[in-house]
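Chemist: how does the following fold in three dimensions:
(chains A and B)
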There are 2 protein chains.
Amino acid sequence: MTVNLDTVQAAAQRLRGHARRTPLMTSRTLDAQAGAQVFLKCENLQRMGAFKFRGAYNAISQLSAAQKAAGVLTFSSGNHAQAVALTGQLLGVQTTIVMPANAPVTKRAATEGYGGKVVLYDPQTQDREAVARALAAAHSYTMIPPYDHEQVIAGQGTAALEVYEELQTLDMLLVPVGGGGLISGSAIASKGLCPACKVIGVEPEVANDAYLSLRSKTLHTVKNPPTIADGTRTPSLGNITFPLVLRYVDDICTVSEDAIKAAVRFLFYRLKIVVEPSGALGVAALLSGAVAARGRVGVILSGGNIDAATMTAILAE
Amino acid sequence: MTVNLDTVQAAAQRLRGHARRTPLMTSRTLDAQAGAQVFLKCENLQRMGAFKFRGAYNAISQLSAAQKAAGVLTFSSGNHAQAVALTGQLLGVQTTIVMPANAPVTKRAATEGYGGKVVLYDPQTQDREAVARALAAAHSYTMIPPYDHEQVIAGQGTAALEVYEELQTLDMLLVPVGGGGLISGSAIASKGLCPACKVIGVEPEVANDAYLSLRSKTLHTVKNPPTIADGTRTPSLGNITFPLVLRYVDDICTVSEDAIKAAVRFLFYRLKIVVEPSGALGVAALLSGAVAARGRVGVILSGGNIDAATMTAILAE
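Modeler: Presented below is the predicted three-dimensional model:
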């Protein structure tokens, strides 16, 4: 199969009654500063605090009874870990999440809080995917990777689908770019429903691998980029997401670390919502002028999972 | 006149297209912890970040052309100051706000940002209301006090009105209590539309003047109470609000400072919304068990204007 509008629409059916239909928020102040009519798709208000629930639920709910009985496995120290754990809890599927031993205690606790079994590895000496593959083989777990998986991508596309169901048309859609699952799904939905809408990815300047990959049409990699937007610290787009980005995404722009922090503050003080740095990339692009916005602009606020230390540091500036 | 359901409904007509119709939020986690079905009325998402816009707009928009031309005045260092300033900006009415010289710079800047003219007084040597009255007399300004004013109270009641328009019935409505404007208006709307609903005020333990006043049926006063919930630091209920509270409010409960902070954190981490300490009083009552909740419970989250230092201190615990 390949991901297309039909698979995204089928995912939306599957998610009905399970994922939250998140609201669109607007702000006169933001419109004035952006010079456009802006609609914020609040995936920070999604279950477990991020769009990742959509992809995980769409993928895991389609497994066979035997696969569900054997359990699933993933590797992630971020929102995908919590998404898989919560989905497993809802569907009665045992979940195992491979995390680096130095992952923040809060992330591990959140994953365990949803009933996920966390297996730690030493990032200095062990390869994450190798650890995960060995475990999966030994226990017959089904692997649900964080972005390079067609049903995960289809699930992530349902947030954009909901935006078009409410608004019909947009001139521009701004989407954060990490491993490319969210932007691939969003762009497929967008091109299917509103071909004239420009789909623009947003990346931190210091983690601009997707920007370089799209411009050069060659996969670029960045290792442990020093960005506060932890959801975009993935080394590169994936085998599945890179071709989808090349085919469906119009452009990728980049924003500075200061612009990301300013966007988190703006959303905190003006919109009164909690958005993690990766989730604020689209607003950062608008407020910093990294994109020339006009008309009706959709922005996917991808998540709201931020710890006290990070928010405190951002508010202190 | 006296405030009743008709005046609250007339206020709702006046606010249409000017105040934001704020959303109701729900949370499975909150429901599980509270043992009830909880609906959060998000007045933190109201214009200027608090319900206060409703009352200020309702009062000022009804002034005569001559009164509007002369300008209005109020005394407040909190959300009412911003509400009056924003209303003045929208209606083309000059606004003057009397604030103590030691008011936080951010509050003064926010008020001036909406076009309000700030006049400072020395709280050690001058009486706030006397300063305000002298200014009003000298310039023929109309005084719009923060809560003890019938049209302000009627405007504040429109938030509860919207809750009933969406939900029809509730078993309990939890409302923060400061000067009593919000709870008076909310209780009038509630008793008019759903007489069986228990209307419960929530106050900090260390600022329990309304609690004592309701229990003893005698007005109690508290001076500069050491609560983090700055919206409830008013010394007492007012001449108009006290009789309304006695008549329409079923009970008042109190919560500890720790419970207030825990509620702000819960709303930050679980709901991903920014709520100021006064705004979190209802959730604090639910999570701490200060009220025995059951059935369908409405909670008015009264505002979201919190500064970096306060949020940082709360997140650090």
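Chemist: tell me the residues of the stretch 151-300 of chain A that contact chain B?
Modeler: A:Phe268, A:Tyr269, A:Leu271, A:Lys272, A:Ile273, A:Val274, A:Val275 (Cβ under 8 Å from any Cβ of the partner chain). Quick note: C-beta positions are derived from backbone N, CA and C, even for glycine.
Chemist: any regions of the stretch 101-250 of chain A where pLDDT drops low?
Modeler: Residue ranges of the stretch 101-250 of chain A with pLDDT under 70: none are present.
Chemist: can you give me the helices for it?
Modeler: Along the stretch 101-250 of chain A, the segments classed as helices by DSSP state H, counting those that start in this stretch run A:105-113, A:128-139, A:150-156, A:158-167, A:181-193, A:209-216, A:241-248.
Chemist: dump the second one to CSV, restricted to CA.
Modeler: So the one you mean is helix A:128-139. What follows is helix A:128-139 as a C-alpha-only set of coordinates in CSV (Å, rounded to 0.1, in the frame of the first residue of the first chain):
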residue,chain,number,x,y,z
ARG,A,128,18.5,1.8,19.8
GLU,A,129,17.0,0.1,16.8
ALA,A,130,19.2,-3.0,17.2
VAL,A,131,18.0,-3.4,20.9
ALA,A,132,14.4,-3.0,19.8
ARG,A,133,14.7,-5.5,16.9
ALA,A,134,16.3,-8.1,19.1
LEU,A,135,13.5,-7.8,21.7
ALA,A,136,10.8,-7.8,19.0
ALA,A,137,12.2,-11.0,17.5
ALA,A,138,12.6,-12.7,20.8
HIS,A,139,9.0,-12.0,21.9
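Chemist: and that helix, how far from the chain's centre?
Modeler: Remark: helix A:128-139 is offset 24 Å from the chain centroid, using Cα atoms, centre = their mean, to the nearest Å.
Chemist: likewise the fifth one?
Modeler: Centre-to-centre, helix A:181-193 and its host chain are 13 Å apart (Cα atoms, centre = their mean).
Chemist: closest residue of the stretch 1-150 of chain A to chain B?
Modeler: A:Asn44 (4.7 Å; Cβ to the nearest Cβ).
Chemist: and the closest residue to that residue other than its chain neighbours, how many neighbours?
Modeler: Nearest residue to A:Asn44 in three dimensions, chain neighbours excluded: A:Gly304, at 2.9 Å (Cβ to Cβ, 6 or more residues apart in numbering or on different chains). Neighbourhood size, A:Gly304 [other Cβ atoms under 10 Å in any protein chain shown]: 27.
Chemist: do the one 10 residues further on as well
Modeler: Burial measure for A:Ile314: 20 neighbouring residues, criterion other Cβ under 10 Å.
Chemist: that older thread, need the helices of the stretch 101-250 of chain A in CSV (columns: distance to A:Phe53).
Modeler: Listed next are the helices of the stretch 101-250 of chain A as CSV, based on distance: least, Cβ to Cβ, whole Å:
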stretch, distance to A:Phe53
helix A:105-113, 13
helix A:128-139, 20
helix A:150-156, 8
helix A:158-167, 10
helix A:181-193, 12
helix A:209-216, 23
helix A:241-248, 19
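Chemist: now render these as CSV, adding mean neighbour count.
Modeler: Listed next are the helices of the stretch 101-250 of chain A as CSV, based on neighbours: other Cβ atoms under 10 Å in any protein chain shown:
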stretch, mean neighbour count
helix A:105-113, 16
helix A:128-139, 15
helix A:150-156, 29
helix A:158-167, 21
helix A:181-193, 28
helix A:209-216, 19
helix A:241-248, 19
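Chemist: for the closest residue to A:Ser302 other than its chain neighbours, list the residues it contacts.
Modeler: With sequence-adjacent residues excluded and distances taken as Cβ to Cβ, 6+ apart, A:Ser302 is closest to A:Gly279, at 4.4 Å. By Cβ atoms under 8 Å, 6 or more residues apart in numbering or on different chains, the residues touching A:Gly279 are A:Glu43, A:Asn44, A:Ala50, A:Pro176, A:Gly231, A:Leu301, A:Ser302, A:Gly303, A:Gly304.
Chemist: let's see 6 Å
Modeler: When contacts are counted by Cβ atoms under 6 Å, 6 or more residues apart in numbering or on different chains, A:Gly279 touches A:Asn44, A:Leu301, A:Ser302, A:Gly303.
Chemist: so the closest residue to the second one other than its chain neighbours: helix, strand or coil?
Modeler: Just to be clear, that refers to A:Leu301. Nearest residue to A:Leu301, sequence neighbours excluded (Cβ to Cβ, 6+ apart): A:Gly279, at 4.8 Å. At A:Gly279 the chain is in helix, as set by DSSP: H, G, I helix; E, B strand; the rest coil.
Chemist: how much space separates A:Gly279 from A:Cys42?
Modeler: Using Cβ to Cβ, to the nearest Å, A:Gly279 is found at 9 Å from A:Cys42.
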